[in-house]
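*Asks:* compute the structure for the input listed below.
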Amino acid sequence: MRESRRPDSAWALPAPGCDTHNSHFRSPMSDSARPPQRPRGQEGSRGGRRGEQEPGPGPPGRGRGRGGGQVQPPTAVTAVAAASPRDPDGRKRKCLPGARARWVSPRRWSAAACTSHGLLHRELEPAWGLCLLPPSNDGMPQASSVFPCSTSLGDPCISQIAVILCQFASLKYELYSMDWDLKEELRDCLVAAAPYGGPIALLRNPGRKEKPASARPVLEIYSASGVPLASLLWKSGPMVSLGWSAEEELLCVQEDGVVLVYGLHGDFRRHFSMGNEVLQNRVLDARIFHTEFGSGVAILTGAHRFTLSANVGDLKLRRMPEVPGLQSAPSCWTTVCQDRVAHILLAVGPDLYLLDHAACSAVIPPGLAPGVSSFLQMAVSFTYRHLALFTDTGYIWMGTASLKEKLCEFNCNIRAPPKQMVWCSRPRSKERAVVVGWERRLMVVGDAPEGIQFVLDEDSYLVPELDGVRIFSRSTHEFLHEVPVASEEIFKIASMAPGALLLEAQKEYEKESQKADEYLREIQELGQLPQAVQQCIEAAGHEHWPDMQKSLLRAASFGKCFLDRFPPDSFVRMCQDLRVLNAIRDYHIGIPLTYSQYKQLTIQVLLDRLVLRRLYPLAIQICEYLRLPEVQGVSRILAHWACYKVQQKDVSDEDVARAINQKLGDTPGVSYSDIAARAYGCGRTELAIKLLEYEPRSGEQVPLLLKMKRSKLALSKAIESGDTDLVFTVLLHLKNELNRGDFFMTLRNQPMALSLYRQFCKHQELETLKDLYNQDDNHQELGSFHIRASYAAEERIEGRVAALQTAADAFYKAKNEFAAKATEDQMRLLRLQRRLEDELGGRFLDLSLHDTVTTLILSGQNKRAEQLARDFRIPDKRLWWLKLTALADLEDWEELEKFSKSKKSPIGYLGRGSGCRRCHRAPE
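*Replies:* Here you go, the predicted structure:
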């Protein structure tokens with residue numbers, strides 16, 4: 001099985017190729033067991049609709065053929081091949097007794113492939129696993145299931161066969177052959193599988209009585225292909241439920257209400273509790289569900305109360321209202337998301353209750369069949385839009401999740417409660433189907449009167465997906481889904497769709513047949529060539545096997561050659577998407593995404609999931625192939641790789657740092673500080689420091705160094721950066737971290753930091769600034785500090801004079817006699833101003849010496865002014881100017897004249913004239 005999945009280098013990156021079969025799914029028989037085919041000229045190919053036909057029995061041509069034989073209606077119809085490789089009895093698939101046991105290819109059925117024996121072994125589109133019942137008395141078979149078919153078929157044989165076909169088609173193909181070593185049945189394990197082709201978690205032996213009490217359960221994680229990812233002994237409490245979050249984290253719900261969160265490789269992430277009430281009453285059952293806000297957990301306690309959290313990333317517990325009269329556990333329950341709010345839907349006997357955050361309300365499904373005494377199982381669709389209820393009468397009710405509209409109701413005639421029930425539908429599809437699983441039986445039901453049953457060889461587990469259902473057992477992993485519209489149009493019986501004709505035209509072109517021109521002309525005459533190309537492109541996206549993808553894309557490329565203005569974007573984009581999908585579907589990768597799931601998931605989330613699986617080379621290849629921006633693609637993946645590299649503790653710090661730098665270099669978008677933070681989180685501080693040496697941004701280096709308690713190194717890095725804000729950040733951190741003495745000693749070794757800190761202290765912490773000057777014996781700055789403090793803080797004259805005296809002493813210690821004497825003169829001036837205020841009553845305090853003299857002159861205290869000038873040695877010229885200016889302001893011209901004649905003026909007569917002109921008294 002693995003050899004058939006070797007990468008096809010011409011098509012995919014490491015993509016799985018399938019060289020043994022060209023269909024959607026593996027053939028139910030080997031090539032050796034297949035019946036011999038007719039020669040090419042006698043085959044009932046799609047060319048029989050219009051082209052030449054050989055004489056003899058066979059369906060008539062539809063176009064310009066060369067005649068044809070008379071067609072006899074079949075007396076029995078060959079069984080349509082089921083998608084499952086085995087029949088209900090476990091043998092190779094064939095018809096039920098009474099019908100002709102003819103093999104049919106599981107691909108498609110040509111309109112001209114009928115003979116008097118029934119059907120040839122060519123080109124029949126499979127249904128859900130359709131097998132026809134024995135023929136009736138009139139020779140026509142009885143319909144047992146559904147299959148799409150055009151009702152306007154021209155061939156008599158096909159018109160009769162159309163009676164047995166129904167309105168809904170699907171495929172079930174094998175994804176992988178599972179090679180995991182499971183010694184136990186799936187029913188003996190707790191199982192959880194993540195959507196979107198996610199991993200599978202198994203808890204083996206959770207509570208088997210035949211095992212010794214000392215035997216611990218084993219928690220194992222596998223990829224979707226069965227490749228082991230992690231295995232660990234479960235040493236915690238009894239587990240109730242398993243589930244995967246949207247980020248592919250494994251949530252393990254214990255009986256005590258504690259939820260343990262593990263990574264994809266079994267690494268423990270975190271844990272949280274669902275509350276004290278859950279702890280006291282224990283957990284009976286739990287559900288992991290997904291909403292647009294994230295992944296949630298719903299708990300049913302032993303007190304028959306519900307508690308849930310809609311987002312485990314932002315835990316907010318909600319205790320749901322009590323259900324009236326509930327004395328035992330409900331027969332079934334599930335979570336329903338409506339209007340962006342999570343609700344609980346539960347069944348108690350024949351009644352249904354809907355719990356929201358405020359109330360418990362009884363609901364009744366419309367159109368429910370009478371006689372229901374209990375509901376045994378319920379299932380919500382992947383998008384939470386539809387609901388299915390399985391009743392004890394064997395009926396399956398299907399309707400909207402709001403329970404306001406009924407879609408259909410199906411009687412499966414089985415009253416045993418199913419083990420699982422999930423929805424199977426495509427986005428925006430009008431068809432609805434539910435897959436119901438028992439121990440060894442699987443049934444697919446819809447709005448058709450009959451369902452499809454599969455007998456299983458072993459226990460299977462159903463995983464609902466966006467566009468289908470994954471089914472895995474101990475040996476196989478399969479995917480069941482509705483046939484897409486484009487594939488149905490191309491491959492259905494007697495299809496005359498433009499895509500079907502274009503596919504046949506391309507095949508005939510490869511055979512160098514003139515039929516290619518006939519088919520192509522027919523499409524062009526109808527003006528449907530663009531539609532045909534688009535159908536082939538769309539159908540290729542929904543094909544699983546690369547060979548069929550190539551065939552359809554070759555047909556699309558062939559049709560594009562005859563179009564002038566067909567935009568190539570859709571074709572190129574589909575080719576890129578399919579290469580990516582084929583790469584990740586490889587057995588060793590194990591992510592079986594469909595095209596619809598891939599588009600819903602987006603390429604960024606897919607890359608994140610590859611990174612989680614540590615598939616860095618493949619993720620980088622995809623980024624380079626899709627030409628994603630480096631910041632979103634390669635750079636981000638390399639950063640994740642580096643974060644994983646630092647966790648390898650068996651490699652030395654130097655080797656790890658060197659390897660990371662060689663690989664990353666100066667790649668844009670990569671932050672070495674983030675990688676260093678991961679290394680520090682792993683306990684590798686020295687490695688983190690080495691990695692920070694490669695970080696070019698100091699703003700990213702310094703915070704991590706401070707976190708690692710490497711404050712002095714952080715200060716050096718901040719000073720080197722020249723960013724004063726960064727330096728201030730480190731200084732404040734050092735101040736809180738170190739004692740005052742060590743802090744000041746650290747600053748003395750960094751002059752730039754000391755200068756910046758002084759500037760900070762001048763505005764914020766004056767006392768700290770004083771301590772800095774004292775510790776450094778900086779008497780000059782200390783004197784200046786006391787002078788500023790004397791005027792800023794002191795209001796009393798005594799305190800101000802005392803502060804000035806301290807400043808004068810500091811100046812003397814600094815041997816700055818001029819500053820010391822100036823300070824002493826200021827002290828004398830303050831005392832004199834205080835005495836003048838007491839004697840004269842005016843305001844003199846805090847005036848300058850000149851202003852004090854001027855104020856005395858203006859007050860008529862000329863003698864005091866002259867005495868003050870002599871005491872402070874004011875020069876005569878300055879005193880004359882002061883007195884002239886003051887007398888002129890007073891307009892005391894007599895005193896001014898007397899003063900000017902008292903002695904010879906040291907400033908000349910020009911000064912006296914200036915004083916008069918200043919007062920606008922030029923004549924004086």
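
*Asks:* hey, let's count contacts and neighbours off CA atoms from now on
*Replies:* Fine.

*Asks:* with just CA atoms, put stretch 312-332 into CSV.
*Replies:* Once non-C-alpha atoms are left out, stretch 312-332 reads as follows in CSV (Å, rounded to 0.1, in the frame of the first residue of the first chain):
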residue,chain,number,x,y,z
VAL,A,312,-10.7,27.4,26.5
GLY,A,313,-8.1,30.1,25.5
ASP,A,314,-10.1,32.7,27.5
LEU,A,315,-11.7,30.5,30.2
LYS,A,316,-15.1,31.8,31.4
LEU,A,317,-17.2,29.2,33.0
ARG,A,318,-21.0,29.2,32.6
ARG,A,319,-23.2,27.1,34.9
MET,A,320,-26.3,26.2,32.8
PRO,A,321,-29.8,26.2,34.3
GLU,A,322,-31.1,23.1,36.0
VAL,A,323,-33.4,20.8,34.1
PRO,A,324,-36.7,20.3,36.0
GLY,A,325,-37.3,16.7,37.1
LEU,A,326,-33.9,15.4,35.9
GLN,A,327,-33.0,12.6,38.3
SER,A,328,-30.6,10.6,36.0
ALA,A,329,-28.3,11.3,33.2
PRO,A,330,-30.0,12.2,29.9
SER,A,331,-30.2,9.6,27.2
CYS,A,332,-28.2,11.8,24.8
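
*Asks:* contacts for that stretch?
*Replies:* The set of residues that contact stretch 312-332 without belonging to it, under C-alpha atoms under 8 Å, 6 or more residues apart in numbering, is 274-275, 294-297, 304-310, 346-349, 353, 355-360, 374-378.

*Asks:* buried sites along that stretch?
*Replies:* Counting neighbours by 16 or more other C-alpha atoms under 10 Å, one finds that the buried residues in stretch 312-332 are 312, 317, 318, 319, 320, 321, 323, 329, 330, 332.

*Asks:* and the pLDDT for the fourth one?
*Replies:* Translated: residue 319. The score at residue 319 is 92. That number is its pLDDT.

*Asks:* quick one: low-confidence ranges for this protein?
*Replies:* Applying pLDDT under 70 to the chain picks out residues 1-170, 206-214, 765, 775-776, 792-795, 891-892, 895-896, 899-905, 908-924.

*Asks:* where exactly do the helices run in the stretch 201-350 of the chain?
*Replies:* Under the criterion DSSP state H, counting those that start in this stretch, the stretch 201-350 of the chain contains helices at 276-281.

*Asks:* which residues of it fall in strands?
*Replies:* Assignment of strands within the stretch 201-350 of the chain using DSSP state E, counting those that start in this stretch yields the ranges 218-222, 228-233, 239-244, 250-254, 258-262, 268-273, 283-291, 294-301, 306-309, 318-319, 332-338, 341-348.

*Asks:* how far off centre is the last one?
*Replies:* Right, the one you point to is strand 341-348. A distance of 27 Å separates the C-alpha centroid of strand 341-348 from that of its chain, computed with C-alpha atoms, centre = their mean, to the nearest Å.

*Asks:* so for this protein, which residue is the most central one in space?
*Replies:* residue 605 (5.7 Å; C-alpha atoms, centre = their mean).

*Asks:* which residue ranges of the stretch 451-600 of the chain form helices?
*Replies:* All helices of the stretch 451-600 of the chain, identified by DSSP H, counting those that start in this stretch, fall at 485-491, 498-510, 515-525, 529-542, 546-560, 569-584, 595-601.

*Asks:* export those to TSV and tack on mean neighbour count and distance to residue 260?
*Replies:* Supplementary listing: the helices of the stretch 451-600 of the chain in TSV, determined by neighbours: other C-alpha atoms under 10 Å; distance: least, C-alpha to C-alpha, whole Å:
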stretch	mean neighbour count	distance to residue 260
helix 485-491	21	43
helix 498-510	23	52
helix 515-525	18	60
helix 529-542	24	37
helix 546-560	22	40
helix 569-584	19	29
helix 595-601	15	26
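
*Asks:* which one of these lies closest to residue 782?
*Replies:* Of all the helices of the stretch 451-600 of the chain, the one in closest proximity to residue 782, counting by C-alpha to C-alpha, is helix 595-601 (68.4 Å).

*Asks:* just to revisit the earlier point, dihedrals phi and psi, the residue nearest to the centre of the chain?
*Replies:* Residue 605 adopts backbone torsions of phi -70, psi -40, taken as degrees, to the nearest 10.

*Asks:* following element in sequence after the helix or strand hosting residue 755, please.
*Replies:* In this structure, residue 755 sits in helix 751-764 according to DSSP states H and E. For helix 751-764, the following helix or strand on the C-terminal side (DSSP H and E) is helix 766-776.

*Asks:* run through who's touching the longest helix seen in the chain.
*Replies:* Taking residue count as the measure and DSSP state H as the definition, the longest helix of the chain comes out as helix 817-840. Counting by C-alpha under 8 Å, 6+ apart, helix 817-840 makes contact with 797, 801, 804-805, 807-812, 842-846, 849, 852, 872, all of which sit outside it.

*Asks:* does residue 378 fall in a helix, a strand, or a coil region?
*Replies:* Classification of residue 378 into helix, strand or coil gives strand, according to DSSP: H, G, I helix; E, B strand; the rest coil.

*Asks:* what about it, how many residues nearby?
*Replies:* Residue 378 has 24 neighbours, counted by other C-alpha atoms under 10 Å.

*Asks:* which residues does it bridge with?
*Replies:* Beta-bridge pairing of residue 378 under DSSP bridges involves residue 389.

*Asks:* distance of it from residue 195?
*Replies:* Residue 378 sits at a distance of 19 Å from residue 195 (criterion: C-alpha to C-alpha, to the nearest Å).

*Asks:* what does residue 753 give?
*Replies:* Looking at residue 753 against residue 195, where the rule is C-alpha to C-alpha, the gap reads 56 Å.

*Asks:* same question for residue 735.
*Replies:* As it turns out, when the distance is counted by C-alpha to C-alpha, residue 735 lies 53 Å from residue 195.

*Asks:* so for the two, which residue has more residues nearby?
*Replies:* Under the criterion of other C-alpha under 10 Å, the comparison of residue 735 against residue 195 puts residue 195 first, with 21 against 13.

*Asks:* list the contacts for the more buried one?
*Replies:* With C-alpha under 8 Å, 6+ apart as the criterion, the residues that contact residue 195 are 463, 464, 465.

*Asks:* tell me how many other residues surround residue 473.
*Replies:* Summarising burial for residue 473: neighbours were counted as other C-alpha under 10 Å, giving 19.

*Asks:* quick check, it in contact with residue 462.
*Replies:* No - using C-alpha atoms under 8 Å, residue 473 and residue 462 do not qualify as a contacting pair, with a distance of 9.2 Å.

*Asks:* buried deepest among the strands of the stretch 201-350 of the chain, which one?
*Replies:* For those, the largest average neighbour count (mean count of other C-alpha atoms under 10 Å) is found in strand 250-254, namely a mean of 26.

*Asks:* just how off-centre is it within its chain?
*Replies:* With C-alpha atoms, centre = their mean as the basis, strand 250-254 stands 20 Å off its chain's centre.

*Asks:* now do it against strand 239-244, angle only.
*Replies:* Angle of strand 250-254 versus strand 239-244, following axes from the mean of the first three to the mean of the last three C-alpha atoms, to 10 degrees, is 160 degrees.

*Asks:* output the contacting helices and strands for strand 250-254.
*Replies:* Judged by 3 or more C-alpha pairs under 8 Å, 6 or more residues apart in numbering; DSSP states H and E, the packing partners of strand 250-254 are strand 239-244, strand 258-262, strand 283-291.

*Asks:* about what we covered before: quick one: closest of the strands of the stretch 201-350 of the chain to residue 385.
*Replies:* Each of the strands of the stretch 201-350 of the chain was scored for nearness to residue 385 using C-alpha to C-alpha, and the closest is strand 332-338 (8.5 Å).

*Asks:* note down every partner strand of the closest one and its orientation.
*Replies:* Note on strand 332-338: by DSSP bridges, its sheet partners are strand 341-348 (antiparallel).
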